[in-house]
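**Student:** Sequence plus the predicted model coming up.
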Amino acid sequence: MKHTLSVLVEDEAGVLTRIAGLFARRSFNIESLAVGPAEQAGISRITMVVPGDDRTIEQLMKQLYKLIPILQVENLTQVPCVERELILMKVQANSQTRREILDMANIFRARVVDISADDVMLEVTGDPGKMVALEQILTKFGIVEVARTGKIALKRSSKVNTEWLRYNFGEGGT
């Protein structure tokens, strides 16, 4: 199972290196990593996606707390939260396929950020599932390049689980 961890750290040189070293020593892979300033000056938020079972992730979180600049570690996997990613995707587009690509981009609320005779570059922001779906659909046209940020996430103050709402009252419900 993939777990999303949110880690607050003090801005110090080498913090990310120490965290990466901890993961490497324990043979953990970090599938996604995003780092940026948090709400308070001098503090950064690291959001990472890590595969592992609940027990292993719990052990990893305890190890993270032992690192000096770590202020808070939170597993957001089972917590109602908002998750987002950004993807830039360059797709082959000629006069025959351009309209269909632009229609797909419109459905996914993607923005065209560059266009040439041979390709279209799209910018898409959304939940990780949206990124995977768009990439699968556009693969048939030929994806030239992709740049994708890591997942970022914040716990919902409302505590509303939108996945539960979507399933029970939206597409998956009765």
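**Tutor:** Structure's in. What do you need? Quick caveat, the model's predicted, so the values are computed rather than measured.

**Student:** for the residue lying closest to residue 120 once chain neighbours are set aside, what are its contacts?
**Tutor:** Closest residue to residue 120 apart from its sequence neighbours, by CB to CB, 6 or more residues apart in numbering: residue 93 at 4.4 Å. Glycine gets a C-beta too; all of them are placed from N, C-alpha and C. Residue 93 makes contacts with 101, 115, 118-120, 141, as judged by CB atoms under 8 Å, 6 or more residues apart in numbering.

**Student:** try it again with 10 Å
**Tutor:** 99-102, 115-121, 138, 141-142, 144 (CB atoms under 10 Å, 6 or more residues apart in numbering).

**Student:** List the contacts of the helix or strand harbouring residue 101.
**Tutor:** Here residue 101, judged by DSSP states H and E, is contained in helix 98-107. The contact list for helix 98-107 (CB under 10 Å, 6+ apart) reads 89, 91-94, 110-112, 115, 117, 119-120, 122-124, 133-134, 137-138, 140-141.

**Student:** ok, of those, which come out buried?
**Tutor:** 89, 91, 93, 110, 119-120, 122, 124, 134, 138, 141 (16 or more other CB atoms under 10 Å).

**Student:** So residue 67 sits against residue 9, correct?
**Tutor:** Yes. With contact defined as CB atoms under 10 Å, residue 67 reaches residue 9; the gap is 8.3 Å.

**Student:** mind giving me the domain ranges of the protein?
**Tutor:** 2-79, 82-153 (automatic domain parsing).

**Student:** List just the one of those that sits closest to residue 161.
**Tutor:** domain 2-79 (8.7 Å; CB to CB).

**Student:** which strand is the longest one in the protein?
**Tutor:** For the chain, the strand with the greatest residue count under DSSP state E is strand 81-92.

**Student:** for residue 140, helix, strand, or coil?
**Tutor:** helix (DSSP: H, G, I helix; E, B strand; the rest coil).

**Student:** confidence score at it?
**Tutor:** With respect to pLDDT, residue 140 has a value of 96.

**Student:** still on that earlier bit, of the buried ones among the contacts of helix 98-107, closest to residue 81?
**Tutor:** For the buried ones among the contacts of helix 98-107, the nearest to residue 81 is residue 124 (19.7 Å; CB to CB).

**Student:** Tell me, please, where in this structure the pLDDT is lower than the cut-off.
**Tutor:** The chain contains residues with pLDDT under 70 at 162-174.

**Student:** Please repeat the previous calculation with a cut-off of 90.
**Tutor:** 26-28, 67-69, 78-79, 81-82, 127-129, 150, 157-174 (pLDDT under 90).
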